[in-house]
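Undergrad: return atomic coordinates for the entry below.
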Amino acid sequence: MKSCLKYFTLLFSLYFTEGAFRCDYTYSSKTQTWFKLVSLPANFTDARLRCTLEGAVLASPTTPEILAEMRTIMNRSYPEYEIFTGIHAIFSPGDFNAIEGTPLSKLPVPWAKNEPDNKDNNERCITLNGNGDLADRRCEETRPYICYHAESGQAEVSQCGIDPEYYLDKRTNKCYKFHTVPRNFSRAFMACAAEGAHLAIVNSNLEATVLKDLYGRSIGRMVQGDFQKDYAFIGFHDWGELWDFRTIHGQTLKEAGYNKFGPNDPNNQPPGGESCGSIDRNGVLNDFHCDRPVGFICEKSPGPLSGCQAPVYGPDN
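TA: Numbers count the residues shown, from 1 in each chain. Modelled structure (predicted):
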């Protein structure tokens, strides 16, 4: 009996681990889609990017079933709010399409009363209200939004989750990913967070060697572009106090376990503003301009799913 129970538990665990997209998303069997309501308001650009970085899409009511699910999610939490959808006309005023390319004319959603009005000739993004009506709004406004991921079979799950670009280094028992799409420090921080990770923190000479090796393997895959390729952002910053570098988790570099800068660094190189942390291809630290895009390294602990430790399923599953 115990053997049967153990076997059933193992199968149950494998099914929910392998079948899950992310455990901070809820699965809807009606639409065969994963949904996540993001309650922290963001502008359209940031909302689209956040969903994309999570392997999802900024949700649009492209079918009656998805519209019904979006309304249910909204009315459960924010019945009085409008949320951003993925419908936009940012490339050409008036030419509204969902992010997936579906024209607005083919979407099963009516306009709210007196909409669209293109106020001040500057409303190129579309919101959805709890009644299921659309309105055109400024993309720069901040609103809640919903990310979704279409179900496409079971994801392959490794010790580092569903993102195949993360790999587990047995020397530190941590998962790492070198992002070859350059971003500024803020965007790099967002990208790591969206993947259930954080900008890498160097805790030892050994881990510096691990990141040096990762840099060497990844730099050849760097996209071409006019940006600095000798440095990659990692997780330390001066927190607004010049020269007082601490990790993104608040420790001094010495407390974290690694404080080796390159020659003449940190130097807050003119014109100043080198408040963000990076590592060079030799595995030593460097202060760098926060607003200049470079590659970056994310880190997370081993685990089957992105963002959290256990899958969450909706009431209709």
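Undergrad: contacts only, for residue 299.
TA: Contact analysis of residue 299 by Cβ atoms under 8 Å, 6 or more residues apart in numbering lists 174-176, 192, 197-201, 235. Bear in mind the C-beta positions are built from the backbone N, C-alpha and C, glycine included.
Undergrad: mind redoing it with 10 Å?
TA: 166, 169, 172, 174-177, 192, 197-203, 207, 210-211, 234-235 (Cβ atoms under 10 Å, 6 or more residues apart in numbering).
Undergrad: nearest residue to residue 273 other than its sequence neighbours?
TA: When the adjacent residues along the chain are set aside, residue 273 lies closest to residue 289, with 5.5 Å between them (Cβ to Cβ, 6 or more residues apart in numbering).
Undergrad: straight-line length of stretch 280-291, end to end?
TA: 17 Å (Cα to Cα, to the nearest Å).
Undergrad: for the spatially most central residue of the chain, give me its contacts.
TA: Centroid check for the chain by Cα atoms, centre = their mean gives residue 194 as the closest residue, at 2.5 Å. Applying Cβ under 10 Å, 6+ apart, one finds that residue 194 lies in contact with 22, 49-56, 147, 298, 306-307.
Undergrad: tell me where the protein has helices.
TA: Listed in chain order, the helices of the chain (DSSP state H) span residues 2-19, 44-53, 64-77, 185-194, 205-218, 253-256.
Undergrad: in this protein, what spans have low per-residue confidence?
TA: 1-20, 152-157, 219-224, 271-272, 304-317 (pLDDT under 70).
Undergrad: can you list the domains in it?
TA: Domain assignment for the chain, taken from automatic domain parsing, gives 2-150, 167-300.
Undergrad: export those domains to CSV and tack on distance to residue 160?
TA: Below are the domains of the chain laid out as CSV (distance: least, Cβ to Cβ, whole Å):
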stretch, distance to residue 160
domain 2-150, 13
domain 167-300, 4
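Undergrad: from memory residue 202 sits against residue 261, does it?
TA: No. Between residue 202 and residue 261 there is no contact under Cβ atoms under 10 Å: 11.5 Å.
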